[in-house]
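A.B. asks: after the sequence you'll find the predicted model.
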Protein chains: 2
Amino acid sequence: MKIGIYGYGNLGRGVELGVRQNPDIELVGVFTRRDPATVKTLTGIPVYPAARVEDFAAEIDVLIICGGSASDLPEMTPALARSFNVIDSFDTHARIPEHFENVEKAAMLTGHTALISGGWDPGLFSLARLYMNAVLPDGKDYTFWGRGVSQGHSDAIRRIPGVADARQYTIPVPEALERVRKGENPELTTRQKHTRECWVVAEEGADKAEIERRIKEMPNYFADYDTTVNFITAEEMKRDHSELPHGGQVIRGGATGTDGKHRHVMEFSLKLDSNPEFTASVLLACARAVCRMYARGNYGCKTLFDIAPADLSPLSPEELRKRLL
Amino acid sequence: MKIGIYGYGNLGRGVELGVRQNPDIELVGVFTRRDPATVKTLTGIPVYPAARVEDFAAEIDVLIICGGSASDLPEMTPALARSFNVIDSFDTHARIPEHFENVEKAAMLTGHTALISGGWDPGLFSLARLYMNAVLPDGKDYTFWGRGVSQGHSDAIRRIPGVADARQYTIPVPEALERVRKGENPELTTRQKHTRECWVVAEEGADKAEIERRIKEMPNYFADYDTTVNFITAEEMKRDHSELPHGGQVIRGGATGTDGKHRHVMEFSLKLDSNPEFTASVLLACARAVCRMYARGNYGCKTLFDIAPADLSPLSPEELRKRLL
C-alpha cells in the first residue's frame, strides 16, 4: 500500500514517522505548498511541490491530507478526492455534515474512497460515543479533554498585543470526572468540566496585568472557564512546554433492568505524549481501511462509523478472531 | 425488527428487559427447553417450547440464543442458523475459530446472517484490543477483569463436597493496574494480575479447613492465584452476594516518534452492576446490525470485528455524523 503526505506540518511529520511502524505501508513522498528545496524530511523521503501531486495519481493508493480544518481541508479534500483516495482529520465538528457532502460528491464522481475526520476527536472518541450509545440507550455521556495543549487556545493568546509566545493546557476538573465515573450523570456547566491553564511569555515592557485580564475575559475561549495565567521566560517555555501532549476521556453512565435498577459505567480514555503523532497513527490505520474499501468498489465519503474494525488491522480476519477476539 | 429469545436464564431475562429500552425492537416470544407452563416471563412475553421455534421462522428477524458456551451454543447456533438470523455470546475463546466455521457453513447454506461472540469479552473488549492494536502497532496490551463475579469459578467451588453455595470475585491487583496505566508495559504473571476472593456457605458439619485447602489448590482455577476464602451463612450470601456485577479494563501502552520517544496509553473500561443485563444490551445492538447486513445480502458468520459501528445504532448515518462524530 503506497501513500502520499499532502502538507508537512506536525501531523505530516507524525505520518512520516508512523509509516515505519506499519510494514504494509510505503511512503511515496511529501507534497508541500512551500518551496520543496526549503523542506527537509525527517526520514529522507522526497519532497515534491503540491502543484505536481496529480502526476503521482497512478502511484499513490491513498493520499493523507495534513492540512488545517479552518481553511485548508474544506477546499483540499474535495479537490483531491477527484484524483485520489484521500484521508483527512477535519475536526470542526459543526461543519462535518457540510464537509461530508462536498467530499462525497467529489469522490463519487470519479469513483474514489475518502475518509474524513480521522483521528481521536473526532475519531476514536466518536467511536466510543457511538458504541456506548448503541449499547446503553438510557444514559448520558460526557467527553473530557486534557490534560493537554489546545493549539486553538494557544493561538488565541498569541494574538493579544504584548504576548511573545503562549501555551494553553485544557484540564478536566477532578471532582467532575469523579462524579461522572461513579455513574451519577450530573448536570455540569462548562466551568464545572474543565479549567484552562495558560503559560505566557510577555514582550519586554508589556503590561502583564492587562494581558492577564484580556485572556481571562476573552469570550468563548476563556470567559466561561476558571483560567490561570502564568508568566514565564522564553527559555522556560522552550524547556517545559515544547511538547504537544493531550488526551481525555469519553464516559457514559447508564442503567438497565427493572426500574433501571442496575447501573453501568463505560469509559474510553487516552493519555498521549504527542497529539499529532497519535493522530497520525490513527490516520495510517484508516489508510489501510480506505484501500480495502476502494478495492471492493465501496466508493464515496466515509467516516470511522462506516468502517468495519477488521479493515483497520494488518491481521487477517482469521488471525483477528484467534488472537484478539 | 422482531426478535426471539432462545433460552431463558439470566441472559435471556436481560434481553427481555433490554428490549424495552430499544423502541425499534419488538419481542415475539421466549423459547425454552423446559415445560413452558413452568416458566413465567418478567414482562408477560409468551413462552413457547424450544421444539416449536421453527414455526416462527417467518415472524422472527433475529433469534438471540441465550445458552451456555460449554455445551449449548456449539450445537444450537449452527443448527438454528439454518432457519434464522442468529446471535450468540459464545465465550470460550480457544474454540471461537471452530465455532465460527460451523456457524459460517450453516448460515451460508441457507442465506442467513449470524453473529457470534457478542457481549463484552469477547465483544466490546475485543473491539478495544483491535482498535488499539491497529492504531499503536508498537505496544503491549493487557486485559484485567473485575471486580466481578466469575460464574465458572463459583461453580467450581460448589462442586467441592461440603459446599452448599459459593460466590467467587475476580479482582485486578491495584499495583499491576497502576503500572500498566502508567505505560510501563511490565511483564506480569497470572498471580501478579488478579486475586480471587471466595465467599462460601459450608454444609453443616463440613470441614472448613479442608474446603479452603481444596479451593486454594484447585489447578487452573485457583492454584496460580492469591486466593482468600471467607465462610458465611446462607442468609449473608443472599443479602450480600445475590447480584452479578462485573467489569474490567483493556489497556494498551505504546510508543511513536523518533526512537519511540512519545508514549501513549489507551484504556477502555467497564463497571457493570449486572453482567447478564449488560451483555444482553450488547446483543440487542448486534441484532440491529445483523438485520441490516441480512437486508443487504451480507450472509454468513460475523463477529463485532466485521460490523461497521453505524450499523449498531438506531440513528441514521446523517444523525450520527451530526450528533456523535
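C.D. replies: Right, received. Where do you want to start?

A.B. asks: only C-alpha atoms for contact and neighbour calcs from this point on.
C.D. replies: Fine.

A.B. asks: ok, for the most centrally placed residue in chain A, nearest residue in space, not its chain neighbours?
C.D. replies: Nearest to the geometric centre of chain A sits A:Gly119, at 4.1 Å (CA atoms, centre = their mean). In this structure, A:Gly119 finds its nearest non-sequential neighbour in A:Thr279, 4.6 Å apart by CA to CA, 6 or more residues apart in numbering or on different chains.

A.B. asks: thinking the one you found is in contact with A:Ser117, fair?
C.D. replies: No. The pair A:Thr279 / A:Ser117 is not scored as a contact, 10.4 Å apart, by CA atoms under 8 Å.

A.B. asks: more neighbours: these two, which one.
C.D. replies: For the pair A:Thr279 and A:Ser117, the greater number of neighbours falls to A:Ser117 (26 against 23), based on other CA atoms under 10 Å in any protein chain shown.

A.B. asks: residue contacts, that one?
C.D. replies: Going by CA atoms under 8 Å, 6 or more residues apart in numbering or on different chains, A:Ser117 touches A:87-91, A:96, A:123, A:303-304.

A.B. asks: and for A:Leu115?
C.D. replies: A:86-88, A:286, A:290, A:301-304.

A.B. asks: next, format the residues you listed as a markdown table and append neighbour count, distance to A:Arg179 and secondary structure.
C.D. replies: Shown next, in a markdown table, are these (neighbours: other CA atoms under 10 Å in any protein chain shown; distance: CA to CA, whole Å; DSSP: H, G, I helix; E, B strand; the rest coil):
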| residue | neighbour count | distance to A:Arg179 | secondary structure |
| --- | --- | --- | --- |
| A:Val86 | 31 | 41 | strand |
| A:Ile87 | 29 | 37 | strand |
| A:Asp88 | 25 | 35 | coil |
| A:Cys286 | 31 | 34 | helix |
| A:Val290 | 28 | 39 | helix |
| A:Cys301 | 27 | 38 | strand |
| A:Lys302 | 21 | 35 | strand |
| A:Thr303 | 23 | 32 | coil |
| A:Leu304 | 25 | 30 | helix |
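
A.B. asks: which of these come close to chain B?
C.D. replies: Taking CA under 8 Å from any CA of the partner chain as the test, chain B is in contact with A:Leu304 out of the contacts of A:Leu115.

A.B. asks: and the contacts of A:Leu115 as TSV, adding distance to A:Tyr8 and pLDDT?
C.D. replies: Listed next are those as TSV, based on distance: CA to CA, whole Å; pLDDT from 0 to 100:
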residue	distance to A:Tyr8	pLDDT
A:Val86	16	98
A:Ile87	15	98
A:Asp88	13	98
A:Cys286	19	98
A:Val290	21	98
A:Cys301	24	98
A:Lys302	24	98
A:Thr303	23	98
A:Leu304	24	98
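
A.B. asks: which residue, other than its chain neighbours, is closest to A:Gly9?
C.D. replies: Nearest to A:Gly9 is A:Cys66, by CA to CA, 6+ apart, at 7.3 Å.

A.B. asks: how much space between that neighbour and chain B?
C.D. replies: 17 Å (CA to the nearest CA, to the nearest Å).

A.B. asks: swap in A:Phe278?
C.D. replies: A:Phe278 is 7 Å from chain B, by CA to the nearest CA.

A.B. asks: now that residue: phi and psi?
C.D. replies: phi -70, psi -40 (degrees, to the nearest 10).

A.B. asks: swap in A:Gly254?
C.D. replies: phi -150, psi 180.

A.B. asks: and it, how many neighbours does it have?
C.D. replies: 23.

A.B. asks: please apply the same query to A:Arg33.
C.D. replies: 12.

A.B. asks: so which elements touch whichever helix or strand A:Ala166 is part of?
C.D. replies: Element membership of A:Ala166 [criterion: DSSP states H and E] is strand A:163-172. Contacts defined by 3 or more CA pairs under 8 Å, 6 or more residues apart in numbering or on different chains; DSSP states H and E place strand A:163-172 against strand A:139-145, strand A:148-149, helix A:151-158, strand A:194-202.

A.B. asks: need these in CSV (columns: mean pLDDT, mean neighbour count and distance to A:Gly111).
C.D. replies: Output for the helices and strands packed on strand A:163-172, formatted as CSV (pLDDT from 0 to 100; neighbours: other CA atoms under 10 Å in any protein chain shown; distance: least, CA to CA, whole Å):
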stretch, mean pLDDT, mean neighbour count, distance to A:Gly111
strand A:139-145, 97, 19, 36
strand A:148-149, 97, 25, 38
helix A:151-158, 94, 18, 35
strand A:194-202, 98, 22, 44
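
A.B. asks: out of those, which is closest to chain B?
C.D. replies: Nearest to chain B, of all the helices and strands packed on strand A:163-172, is strand A:139-145, at 10.3 Å by CA to the nearest CA.

A.B. asks: and the direction of that closest one versus that of strand A:163-172, what angle?
C.D. replies: Relative orientation of strand A:139-145 versus strand A:163-172 (axes from the mean of the first three to the mean of the last three CA atoms, to 10 degrees): 150 degrees.

A.B. asks: right, is strand A:139-145 up against chain B?
C.D. replies: No. Counting by CA under 8 Å from any CA, chain B is not contacted by strand A:139-145; separation bottoms out at 10.3 Å.

A.B. asks: that strand pairs with which strands, and in what direction?
C.D. replies: strand A:246-256 (antiparallel) (DSSP bridges).

A.B. asks: next helix or strand past the partner strand?
C.D. replies: Taking DSSP H and E, what comes next after strand A:246-256 is strand A:262-272.

A.B. asks: so what does that following strand touch, helix or strand wise?
C.D. replies: helix A:124-135, strand A:246-256, strand B:262-272.

A.B. asks: quickly find the element holding the closest residue in space to A:Ala156 that isn't next to it in sequence.
C.D. replies: The shortest distance from A:Ala156 to any non-neighbouring residue, by CA to CA, 6+ apart, is to A:Tyr221 (7.9 Å). Assigned by DSSP H and E, A:Tyr221 belongs to no helix or strand.

A.B. asks: what about A:Tyr221, distance to A:Asn230?
C.D. replies: Counting by CA to CA, to the nearest Å, the gap between A:Tyr221 and A:Asn230 amounts to 17 Å.

A.B. asks: more crowded one of these two?
C.D. replies: A:Tyr221 (16 against 12).

A.B. asks: I'd say that one and A:Gln151 touch.
C.D. replies: No. Checked against CA under 8 Å, the pair A:Tyr221 and A:Gln151 is beyond contact range at 11.7 Å.

A.B. asks: the bottom helix or strand of chain A by mean pLDDT?
C.D. replies: helix A:151-158 (a mean of 94; mean pLDDT, DSSP states H and E).

A.B. asks: could you give the angle of it to strand A:194-202?
C.D. replies: Here the directions of helix A:151-158 and strand A:194-202 differ by 40 degrees (the same axes, to 10 degrees).

A.B. asks: now the residue nearest to A:Ala156: how far from chain B?
C.D. replies: 22 Å.

A.B. asks: do A:Leu109 as well
C.D. replies: From A:Leu109 across to chain B, the span is 20 Å (CA to the nearest CA).
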